[in-house]
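[1] Fold the following, please.
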Amino acid sequence: MMLLRRTLASLVVVLAVLGASTSAAHAQTWSHTDPAGDVSVVINSRAQLAPNQRTPDIRRVVARHTSTQVVVRFGLRSSMPRGTWMVAIGVWTGAHPYSIYLWGKGNVRTGVRLEEDGPGGRGAIACRGMRVNIDRTGTSVAAIVPRTCLGQPRRVRVSVWVDALIRGRSYVDDGLRRGDGELTRTPWIRRG
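    Sure thing, here's the model as predicted:
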């Protein structure tokens, strides 16, 4: 009986250690499906819903926080417009807000910049290892930022926003809520 208790106790300890080590090795991921038809058009500095506008309608946002990087991916209902566009991805660490700005024309990215915002922020900062990609179809964007560029945060919140200039009008979509306005942030995503 005593041997059985020791064996069971050892087994519980081994399983607890294995469970803790495997959960720490995985990233925490958060995802959201944004409703279709929630693009807003800006007319005279006021946003109003443009439900038939397919561009730049964000459909899905996935944010992942690993031990080495923060990854934000989002998919669009249709490809980036032929005209100019801009993407803003916000990353809040609790200590500082950061913004990843990406702009271009059609499926071609013409610029990307990481900024540390807010009081005491450094403005544009160099980030070795940061990658921002648009797929060939122009319907998927991925931003990968090393945690070292963000001050090694234990947790982050992210936001995604796209603005497209089409026929002289600005069409916008917040990837985490219906319509436009103040940016919506994800819940806290802990480091994996």
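[2] tell me the centre residue of this protein?
    When C-alpha atoms, centre = their mean is applied to the chain, the residue found nearest the centroid is residue 72 (3.3 Å).
[3] what residues does the strand or helix carrying that one touch?
    Using DSSP states H and E, residue 72 sits in strand 69-76. Defining contact as C-beta atoms under 8 Å, 6 or more residues apart in numbering, one finds that strand 69-76 is touched by 27, 55-65, 89, 91, 100, 129, 138-147, 150, 156, 158, 160, 162, 175. Placement of C-beta: from N, CA and C, glycine included.
[4] before we move on, the earlier item: do you know how far the residue nearest to the centre of the chain is from residue 52?
    Distance of residue 72 to residue 52, computed by C-beta to C-beta, to the nearest Å: 27 Å.
[5] can you check residue 123 too?
    Between residue 123 and residue 52 the distance is 39 Å, computed by C-beta to C-beta.
[6] Kindly report the same for residue 64.
    Residue 64 is 33 Å from residue 52, where distance means C-beta to C-beta.
[7] neighbour-wise, which of these two wins?
    Shown here are residue 64 and residue 52; by other C-beta atoms under 10 Å, residue 64 has more neighbours (19 against 7).
[8] Now do the contacts for that one.
    With contacts taken as C-beta under 8 Å, 6+ apart, residue 64 has the following neighbours: 27, 28, 29, 30, 70, 71, 72, 189, 192.
[9] ok so, going back, write down the beta-bridge partners of the residue nearest to the centre of the chain, one by one.
    The partner list for residue 72 in beta bridges (DSSP bridges) reads residue 63, residue 143.
[10] Counting neighbours, which bits of the strand holding residue 72 end up buried?
    Buried residues in strand 69-76, counting neighbours by 16 or more other C-beta atoms under 10 Å, are found at 69, 70, 71, 72, 73, 74, 75, 76.
[11] ok, longest strand in this structure?
    Scanning the chain for the strand with the most residues, using DSSP state E, yields strand 155-166.
[12] next structured bit after that strand?
    strand 169-174.
[13] which residues in the chain form helices?
    Counting by DSSP state H, residue ranges of the helices within the chain are 2-25.
[14] Okay, now the unreliable bits of it?
    Within the chain, the ranges that satisfy pLDDT under 70 run 1-26, 178-182.
[15] Next, count neighbours for residue 128.
    The local packing of residue 128 (other C-beta under 10 Å) involves 7 other residues.
[16] what sits against it?
    Taking C-beta under 8 Å, 6+ apart as the test, what residue 128 contacts is 146, 149.
[17] Residue 156 now?
    When the contact criterion is C-beta under 8 Å, 6+ apart, the partners of residue 156 are 63, 65, 70, 91, 92, 93, 150, 188, 189.
[18] if I look at the fourth one, how far off is residue 98?
    Remark: distance between residue 91 and residue 98 (C-beta to C-beta) = 4 Å.
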